[in-house]
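**Q** Here is my input; please provide its structure:
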Amino acid sequence: MRNKLIFPVIAVSLLALSACGNSPGCRAVTGAGIGAAGGAVLGAIGGNPLLGAAAGAVAGGAVGGLTSPNQINAGPAPCN
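**A** Numbers count the residues shown, from 1 in each chain. Sure, this is the predicted structure:
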């Protein structure tokens, strides 16, 4: 039972703590957290949550680092 709940708990925790910041570094870190959470959930559905989390973290970090707060803004980040 515990193993089935670990990934959803981690995903919800990362989503609750992650947001877009102002600096590119902060946006990359929080984007990677959001991407990893989403990727882990989708990967768990497909049978490989670790690969999904890794792919999601890379994609989220790239999107977060390459966008500006004017393009995507999810609110204040914990690293501001």
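
**Q** Mind jotting down where the helices sit in the protein?
**A** 2-17, 24-46, 49-66 (DSSP state H).

**Q** Turn those helices into a markdown table, including mean neighbour count and mean pLDDT.
**A** Bear in mind the C-beta positions are built from the backbone N, C-alpha and C, glycine included. A markdown table is the format used below for the helices of the chain (neighbours: other Cβ atoms under 10 Å; pLDDT from 0 to 100):
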| stretch | mean neighbour count | mean pLDDT |
| --- | --- | --- |
| helix 2-17 | 12 | 62 |
| helix 24-46 | 21 | 85 |
| helix 49-66 | 18 | 88 |
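
**Q** wouldn't residue 56 be in contact with residue 40 here?
**A** Yes. Using Cβ atoms under 8 Å, residue 56 is in contact with residue 40, at 6.8 Å.

**Q** Next, find the distance separating the residue lying closest to residue 31 once chain neighbours are set aside from residue 35.
**A** Take residue 31 and drop its neighbours on the chain: the residue closest to it by Cβ to Cβ, 6 or more residues apart in numbering is residue 64, 2.2 Å away. Going from residue 64 to residue 35 by Cβ to Cβ, to the nearest Å gives 8 Å.

**Q** sorry, back to before: and the residue nearest to residue 31, what does it touch?
**A** 20, 24, 27, 28, 29, 30, 31, 32, 34 (Cβ atoms under 8 Å, 6 or more residues apart in numbering).

**Q** Switch those residues over to a markdown table; also include distance to residue 69.
**A** Formatted as a markdown table, these follow (distance: Cβ to Cβ, whole Å):
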| residue | distance to residue 69 |
| --- | --- |
| 20 | 6 |
| 24 | 10 |
| 27 | 8 |
| 28 | 13 |
| 29 | 14 |
| 30 | 12 |
| 31 | 12 |
| 32 | 17 |
| 34 | 15 |
